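>>> task: produce atomic coordinates for the following.
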Amino acid sequence: MVMTSQMPLAVRAAADAVAAETVSAQKVRGLMQGLSDDVRRFSSGNQEIAARTRLLALNAAIEAARAGNAGRGFSVVAGEVKSLAEQADGAAKRFQQEIIGRIADCEAVTQRLVGQRGQELAKALVQLIVRNLYERTCDVRWWATDTAFWEALEEPSREALEHAAMRLSVIHRYYTVYTNLVLTDASGRVVAMADDSFQRMRGADLSREAWVRDALATRSGDEYIVDDVRTDAMHDNRSVLVYATAVREGGRTDGRIIGTLGIYFDWERQGRSIVVDEPSLSADEWTRSRVLLLDRARRVIAASDGQGLYQTFHLSTDGAKQGTYMTGDTVIGFSETIGYQEYDGLGWMGVVVQRMK
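Here you go, the predicted structure:
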């Protein structure tokens, strides 16, 4: 069950449309830049011709003065040539100022368009992962009611614990978005897990883990907790995101708490898939772009270039949940998740950073 295969068609279509519009905006900006360069060259050429014409008129006036009365008529012509040269020079300067100004306005509009497209792409990507993680909240709550788990915690015989481990491994086999699934007793000790290859987890005391403490503090089987994205030493320092809830007596939502179930979402692989595989950017755009996911604290939890993970990303939102802005020659589009159903999305944010050509 690879997460990317669950991408809603509407979200994928939106991402593709955003990418296509971004390419168009980049092309428009390229044309504007070319036009601006042409106008500057044309204006500069006109000014150079005007300057040379003025010099020619000056030389003609000097020669006319030397000729005395015989050159008087030529002096009038030289004056007219000088006047025309000055008019041409003024017209060239006005043309440059007006046209270049309008082109600059068009470039500014194009930059805003690129930023808006980046914002829409950021929103599509963060909503994609949030919708997927909503399903994880459902998984952990209904799996916690599995008979094999609460029976093994109520009467922890060897056979019951082996059966619980077998059930966890079966779930893990078909839900490949998980690194591991762990069952603990009420003291936080691991009694069963899906993947035995993580030797350090066998019988480990997880009572100090935040997710265990929080799961034991839930008030009913309808509640769940979610940890921060982090690397986990127990799982070879892989990046994980833990969803957990209490396992209750008899599998009832109001039953006495007898343990916890923690499911370790494979964030290292799935998070990277969102920022690398899903954005429909051209090869050229990828050389100038960076796609990020930020958590509520604005830490980088996924980056297309793999840089700056778990470091704070300084985003100038001015309190807005979505928007776009320029910094130097770089356009930044961002969007905070709106959540999905009852899942609030944890305040995560998608960000697209793109350097203009």
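>>> and the helices in the chain, which stretches?
With DSSP state H as the criterion, the chain has helices at 9-67, 72-143, 147-154, 158-174, 210-216, 267-272, 283-286.
>>> burial count for V130?
20 (other C-beta atoms under 10 Å). Using the backbone N, CA and C atoms, a C-beta is placed for each residue, glycine as well.
>>> which residues does it contact?
Applying C-beta atoms under 8 Å, 6 or more residues apart in numbering, we find V130 in contact with T337, G339, Y340, Y343, G345, L346, W348.
>>> what do you get if the cut-off is 10 Å, keeping everything else the same?
Counting by C-beta atoms under 10 Å, 6 or more residues apart in numbering, V130 makes contact with L293, T337, I338, G339, Y340, Y343, D344, G345, L346, W348, G350.
>>> shaky segments in the chain?
1-40, 42-58, 60-61, 63-65, 67-82, 84-85, 88-89, 91-92, 96, 100-115 (pLDDT under 70).
>>> same thing but at 90, please
The chain contains residues with pLDDT under 90 at 1-119, 280-282, 284-285, 326, 328-329, 341-345, 356-357.
>>> now do the domain split for it, please.
What the TED database lists as the domains of the chain is 9-133, 145-270, 279-355.
>>> can you tell me which of these is nearest to D139?
domain 145-270 (6.4 Å; C-beta to C-beta).
>>> from D205, how far out is V191?
For V191, the distance to D205 (C-beta to C-beta, to the nearest Å) stands at 11 Å.
>>> identify the contacts common to the two.
T184.
>>> what about G188, neighbour count?
18.
>>> same check on D254?
Neighbours of D254 using other C-beta under 10 Å come to 11.
>>> that one contacts D222, doesn't it?
Yes. With contact defined as C-beta atoms under 10 Å, D254 and D222 form a contacting pair (9.5 Å).
>>> common neighbours of the two, please.
With C-beta under 10 Å, 6+ apart, D254 and D222 have no common neighbours.
>>> what segments of the stretch 251-357 of the chain are strands?
Secondary structure of the stretch 251-357 of the chain (DSSP state E, counting those that start in this stretch): strands located at 257-266, 289-294, 300-303, 322-327, 330-336, 349-355.
>>> turn these into a markdown table, including distance to Y310.
Output for the strands of the stretch 251-357 of the chain, formatted as a markdown table (distance: least, C-beta to C-beta, whole Å):
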| stretch | distance to Y310 |
| --- | --- |
| strand 257-266 | 16 |
| strand 289-294 | 11 |
| strand 300-303 | 7 |
| strand 322-327 | 22 |
| strand 330-336 | 19 |
| strand 349-355 | 15 |
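>>> between the ones you listed, which one is nearest to L125?
Nearest to L125, of the strands of the stretch 251-357 of the chain and by C-beta to C-beta, is strand 349-355 at 4.6 Å.
>>> show me what that closest one is packed up against.
The elements that strand 349-355 packs onto, with contact taken as 3 or more C-beta pairs under 10 Å, 6 or more residues apart in numbering; DSSP states H and E, are helix 9-67, helix 72-143, helix 283-286, strand 289-294, strand 300-303, strand 322-327, strand 330-336.
>>> can you tell me which residues contact A164?
146-153, 156, 183, 191-193, 247, 259.
>>> state the distance from it to L121.
Distance, A164 to L121, using C-beta to C-beta: 43 Å.
>>> likewise M326?
M326 is 17 Å from L121, by C-beta to C-beta.
>>> try V331
12 Å.
>>> for L206, same thing?
38 Å.
>>> between those two, which one's more packed in?
L121 (30 against 19).
>>> from memory that one sits against E278, does it?
Yes. Counting by C-beta under 10 Å, L121 touches E278, with 9.3 Å between them.
>>> pretty sure V300 contacts L309?
Yes. Taking C-beta under 10 Å as the definition, V300 is a contact partner of L309 at 5.6 Å.
>>> those two: who's more crowded?
Neighbours of V300 and L309, each counted by other C-beta under 10 Å, are more numerous for V300; the result is 21 against 16.
>>> show me what the more buried one bridges to in the sheet.
On the basis of DSSP bridges, V300 is bridged to L294.
>>> OK, contacts around the nearest residue to L261 once chain neighbours are set aside?
Nearest non-adjacent residue to L261, counting by C-beta to C-beta, 6 or more residues apart in numbering: A144, 4.6 Å away. If you count contacts by C-beta under 10 Å, 6+ apart, A144 has them with 150, 183, 215, 218, 221, 224, 244-248, 251, 253, 259-261, 263.
>>> please pick the buried ones from these.
Burial by neighbour count, 16 or more other C-beta atoms under 10 Å: within the contacts of A144 this picks out 150, 183, 215, 218, 221, 224, 244-248, 251, 259-261, 263.
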